[in-house]
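[1] sequence and predicted structure below; questions after.
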Amino acid sequence: MHDDVKQNLLDAILPHVAFDGWSPDAFRAAATDAGVTHETARLTCPRGAVDLAVLYHQNGDAAMVAALNDADLSDMRFRDKVAHAIRLRLAAVDDKEAVRRGTTLFALPHMAPEGSKLIWDTADAIWTALGDTSDDINWYTKRATLSGVYGAVVLYWLGDDSLDGQATDAFIDRRIDNVMQFEKVKAGVNNNPLLKPITGPLGRMMGMIKAPNQTPRDDLPGRWVDPT
């Protein structure tokens, strides 16, 4: 029931977001339009419109994962699979202005940790859907790198007025190329015998870092917990 009310509020707030952003005014209007009392709306979304903005992003991630699971990626290079996943994530957006307003919201200093977490979660969803099994430092570096790529792509996409988003497609390919070049350089450094006195001890130290337990934790930076 709680989830249904929250989804109804999200559906109701979207027409208002274009004018009022993810704001208290938009949240109140959504409650009225959805036929939900303001008390119930607040119980469902303690942070008001912020909780609905988070849900909007999470719904997009879920739609992307579903599309990835249905896609035939067997003939794709891995870099192309990642690029395809990013394109599917953008295609999951049914309201570009809601994303634009969300970018403004999560750029606020007190909301930046939440925004960073959402981008990280998108990167994690992509790697997980593509079958990533890393459990060491690579678990973090893959997601950190893809978070940077995805964040840059979204900002570029928001300003893209090219035909059918062709400029964004090209931008995605360039960013993935940059990542692949970095990985080649990293591999070259790690395999260089002249650098073994440095990379050897560093590699052993990095090998001690493990991926987090997959059980959700509530004490991670950027994670907000409903006090109730």
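    Nice, thanks for sending it over.
[2] what secondary structure does Asp94 sit in?
    Look at Asp94: counting by DSSP: H, G, I helix; E, B strand; the rest coil, its state is coil.
[3] roughly how far does it sit from Thr168?
    Asp94 sits 17 Å away from Thr168, going by Cβ to Cβ, to the nearest Å. C-beta here means a position set from N, CA and C on the backbone, and glycine is covered the same way.
[4] these two - which one has more neighbours?
    Taking neighbours as other Cβ atoms under 10 Å, Asp94 and Thr168 compare with Thr168 leading, 20 against 12.
[5] my read: that one touches Leu155, true?
    No: contact criterion Cβ atoms under 8 Å: Thr168 and Leu155 do not qualify, at 10.5 Å.
[6] shared neighbours, the two?
    In the contact map built from Cβ atoms under 8 Å, 6 or more residues apart in numbering, no residue is linked to both Thr168 and Leu155.
[7] what is the burial count for Ala170?
    Neighbours of Ala170 under the rule other Cβ under 10 Å: 13.
[8] let me know the pLDDT of it.
    Looking at Ala170, its pLDDT is 97.
[9] and what of the one 10 residues further on?
    Taken from the predicted model, the pLDDT recorded for Met180 is 76.
[10] for Thr40, same thing?
    For Thr40, the model assigns a pLDDT of 96.
[11] burial check on it, number of neighbours?
    By other Cβ under 10 Å, the residues close to Thr40 number 15.
[12] for it, which non-adjacent residue is spatially closest?
    Nearest non-adjacent residue to Thr40, counting by Cβ to Cβ, 6 or more residues apart in numbering: Val5, 6.7 Å away.
[13] in this structure, where is pLDDT below threshold?
    Within the chain, the stretches with pLDDT under 70 are 1, 182-210, 213-228.
[14] tell me the domain ranges of this structure?
    For the chain, automatic domain parsing gives the domain ranges 1-46, 57-206.
[15] all helices of the chain, in order?
    2-20, 24-34, 38-44, 49-70, 78-91, 96-106, 112-129, 137-158, 166-191, 196-206 (DSSP state H).
[16] so what's Arg143 closest to, chain neighbours aside?
    Per Cβ to Cβ, 6+ apart, closest to Arg143 is Ala123, 4.5 Å.
[17] how close does that neighbour sit to Ser134?
    From Ala123 to Ser134 the distance is 13 Å (Cβ to Cβ).
[18] which neighbours do the two share?
    With Cβ under 8 Å, 6+ apart, Ala123 and Ser134 have common neighbours Lys142.
[19] of those two, give the one with the bigger neighbour count.
    More crowded of Ala123 and Ser134, by other Cβ under 10 Å: Ala123, with 25 against 13.
[20] tell me who's in contact with the more buried one.
    Applying Cβ under 8 Å, 6+ apart, we find Ala123 in contact with 142-144, 146-147, 150.
[21] let me have the residues you listed in CSV, adding distance to Arg89 and neighbour count as columns.
    Putting the contacts of Ala123 into CSV (distance: Cβ to Cβ, whole Å; neighbours: other Cβ atoms under 10 Å) gives the following:
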residue, distance to Arg89, neighbour count
Lys142, 16, 20
Arg143, 14, 23
Ala144, 17, 11
Leu146, 11, 23
Ser147, 12, 20
Tyr150, 7, 22
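[22] mind putting the residues you listed into TSV with distance to Val99?
    Formatted as TSV, the contacts of Ala123 follow (distance: Cβ to Cβ, whole Å):
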residue	distance to Val99
Lys142	24
Arg143	21
Ala144	22
Leu146	18
Ser147	16
Tyr150	12
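[23] quick check: the gap between the closest residue to Gly21 other than its chain neighbours and Arg143.
    Excluding the flanking residues, the one nearest Gly21 by Cβ to Cβ, 6+ apart is Arg101, at 4.5 Å. According to Cβ to Cβ, Arg101 and Arg143 sit 26 Å apart.
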